[in-house]
Structures are given as structure tokens and as C-alpha cells.
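Asker: sequence and predicted structure below; questions after.
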Amino acid sequence: MTQGEPIRKAVIPAAGLGTRFLPATKAMPKEMLPVVDQPAIQYVVEEAVGAGLSDVLMITGRSKRALEDHFDRSPDLETALGLKGDDTRLDAVRHASELGPIHYVRQGEPKGLGHAVLCARRHVGDEPFAVLLGDDLIDGRDQLLSTMIDVQRKTGGSVIALIEVDDSQISAYGCADITPIAGEDYVRVNSLVEKPSVEEAPSNLAIIGRYVLHPAVFDVLEETAPGRGGEIQLTDALQTLAKGEGEGTGVYGVVFRGRRYDTGDKLSYLKAVITLASERAEFGEDLKTWMKEFLG
């Protein structure tokens, strides 16, 4: 693909078992857990579509049929809502199925994020593409993904999203060693370390779940051996690209300081639900009043 052409494909890995939310996720994909009144995965798809990505591929696994059903039409439900004159809920139900074409590929075995991305190779082809992880919800008012797409088109490499975290938290993330670029609002990534100890971490910049990748990553992933946890790590492949030479090499970072909601564990999920609910026009003020009374 010629550098500068529009990026149009998004890959959303959704094959995880959701063990941190058992027993709720025993029979329901973790991506379908509601955040206020729509599933977490819908926020992610809406973000991709809002950034101009018109072709979405989900990497799924067993027991993920609910994802396909959610983004499909539901004629019986739509008819029932129409007969009741419930236009508000009818519009909400239809909205999910009108976001655009969504395709599905099964990962087969849970071999890590790098393997999940590799499963997208045939669909993506020889084009740069975005990867969005469902545990990170980015507020629609912040243009993180659009900014990353612009950086990828400008540099021709791969781009990762970074946030500053407290030193004590860095061992929960991939971590980046970076060099600022004069006059630019993005940085060059020199190296990446997956979940380093506090002593080993090269910075307090943590990788979060947004990537815009050059298709050269696929060849690297094919040759990437299992790393931490016996899984094929996307971080390891990006490390190779960061130190490589030639077309598609080079990794860059956008440091994000906007609104991010983490749904990766129970406490963070509850914080995300409360934060987003408190901003809703129809009941946000009532919720905040109740919370003040509750906390007394």
C-alpha cells in the first residue's frame, strides 16, 4: 500500500476467556459485559468507525456467538419495539447493526495477542491497520486513534498508544523506552519491555490497547517465538520492528492524556461504569446526588 493512503481496517481481538469476571463470563463473552446500557465491545467498534475505519474484523473464539448476534439485525425485537412505538430503544437496537461491515475469524487456540493479530493477516492483506483492545475504552471526545493514524501515514512505521503511570504500576503493562522528536507531538520508540519490574522499567510510559501497525508486523509475528506466559507477544514483534531497518520498520508512540476507562478488572470496570453513567444527561445528576448521600 502506498504511504499516505487512507487506513480503513480495524482488528479487534475478542477471543479471551474473561476469567477475571467469572462466573458472570461463564456463558457470556466478557466483551458483552454492559457499561451502563451497551456492551463494552460496542464502544470499541464505535471508536473505530468514528476514526474512519470502515472494515472491522473481530478475532473470536468459542462461546463468542453473542458478539455476532449483537451486531446483527434482530427483526422480531425491532418489530416488537416498533409496534409499541418505542422509537428510542428501536434506534438504539438498530444502531449496533448499522455501524458497518463486521467480519469474524476464530483464533482457535489462545496463543496470545501476537497470534490473535496474526490471525487477521489474510483479511488485512498488505495494508496498515489498527488494532483496538476491548479492555481500554477511549472517550469518544478524544481523538487518539485519528492522531495515531495520522502519525502512521506520516512515518510509514507502526504506532502505539502510551500513557504515563505511577512507577509502582508499570509491571502490569508493556513499557516503552522513547526518544522525543523535536517539533513533533509523537516520540520514537527505541525498545519495549513486557511487564518489567520497577527496577527494570526504562520509563513510566505504559502501552495501552491501541495500535496502528504496518503490515510488516505479520512477517515478524510469523517468526516470533512464544515469550512471557508461553504466548506470542505483540510487544516482542514491535521490539523487532523498532530495531529493524527497511520498509515498515520503526515504531512511534503517541502519549495519550485524555479520558480512558479501564474495564480490565472488577474495580476498574466499576469505576468505568460509574464515571460514564455520571455523565449521562438523563440520570447523571441524580446518580451523583445519590453517591454523595451514600458516601455521606
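Answerer: Looks like it came in fine.

Asker: so where do the helices sit in the stretch 1-150 of the chain?
Answerer: For the stretch 1-150 of the chain, helices defined by DSSP state H, counting those that start in this stretch occupy the ranges 40-50, 65-70, 75-84, 87-97, 113-118, 121-124, 144-155.

Asker: list the buried residues for the first one?
Answerer: Translated: helix 40-50. Residues 40-49 are the ones in helix 40-50 that count as buried (16 or more other Cβ atoms under 10 Å). The C-beta positions use only the backbone N, C-alpha and C, and glycine is treated the same way.

Asker: which one among these gets closest to Arg121?
Answerer: Among those, Ala48 lies closest to Arg121 (Cβ to Cβ), at 18.6 Å.

Asker: chain neighbours aside, what residue packs nearest to that closest one?
Answerer: Distance criterion Cβ to Cβ, 6 or more residues apart in numbering; nearest residue to Ala48, sequence neighbours excluded, is Ala10 at 4.0 Å.

Asker: residues contacting that neighbour?
Answerer: By Cβ atoms under 8 Å, 6 or more residues apart in numbering, Ala10 lies in contact with 48, 53, 55-57, 129-132.

Asker: so which of these comes closest to Val117?
Answerer: Looking across the contacts of Ala10 and measuring by Cβ to Cβ, the closest to Val117 is Val131, at 6.0 Å.

Asker: can you list the domains in this structure?
Answerer: Following automatic domain parsing, one finds the domains of the chain at 9-264, 266-296.

Asker: pretty sure Ala96 is touching Glu68, no?
Answerer: No. Counting by Cβ atoms under 8 Å, Ala96 does not reach Glu68; the two are 11.3 Å apart.

Asker: which one's more surrounded, these two?
Answerer: Ala96 (19 against 12; other Cβ atoms under 10 Å).

Asker: now that one: how far from Gly296?
Answerer: Applying Cβ to Cβ, to the nearest Å, the value for Ala96 to Gly296 is 39 Å.

Asker: same check, this time on Leu145
Answerer: To Gly296, Leu145 is 40 Å away according to Cβ to Cβ.

Asker: compare the two (neighbour count), which wins?
Answerer: Neighbours per residue, other Cβ under 10 Å: of Leu145 and Gly296, the larger number sits with Leu145, 25 against 5.

Asker: which residue packs closest to the more buried one, ignoring adjacent ones?
Answerer: Nearest to Leu145 is Ala51, by Cβ to Cβ, 6+ apart, at 4.0 Å.

Asker: show me the contacts for the one you found.
Answerer: Taking Cβ under 8 Å, 6+ apart, one finds 130, 143, 145-146, 149 in contact with Ala51.

Asker: just the pLDDT for it.
Answerer: pLDDT, Ala51: 93.

Asker: so Tyr93 touches Asp76, yeah?
Answerer: Careful, residue 93 is Val and not Tyr. No. If you go by Cβ under 8 Å, Val93 and Asp76 don't touch, sitting 11.0 Å apart.

Asker: more neighbours, the two?
Answerer: Between Val93 and Asp76, counted using other Cβ under 10 Å, Val93 has the larger neighbour count: 17 against 8.

Asker: what sits against the more buried one?
Answerer: By Cβ under 8 Å, 6+ apart, the contact set of Val93 is 74, 77-78, 81.

Asker: can I assume Ile178 sits in a helix?
Answerer: No. Counting by DSSP: H, G, I helix; E, B strand; the rest coil, one finds Ile178 to be strand, located in no helix.

Asker: that one pairs with what?
Answerer: According to DSSP bridges, the partner residues bridging Ile178 are Val189.

Asker: how close does it sit to Ala80?
Answerer: 54 Å.

Asker: ok, now Phe129?
Answerer: The gap separating Phe129 from Ala80 is 38 Å, by Cβ to Cβ.

Asker: cool, Leu192 as well?
Answerer: According to Cβ to Cβ, Leu192 stands 50 Å off from Ala80.

Asker: which one's more surrounded, the two?
Answerer: Leu192 (27 against 13).

Asker: that one: what secondary structure?
Answerer: From three-state DSSP, the assignment for Leu192 is strand.

Asker: doesn't Ala237 make contact with it?
Answerer: No. Leu192 is beyond contact range of Ala237, at 9.6 Å (criterion: Cβ under 8 Å).

Asker: tell me how many other residues surround Gly246.
Answerer: Number of residues near Gly246 (other Cβ under 10 Å) recorded here: 8.
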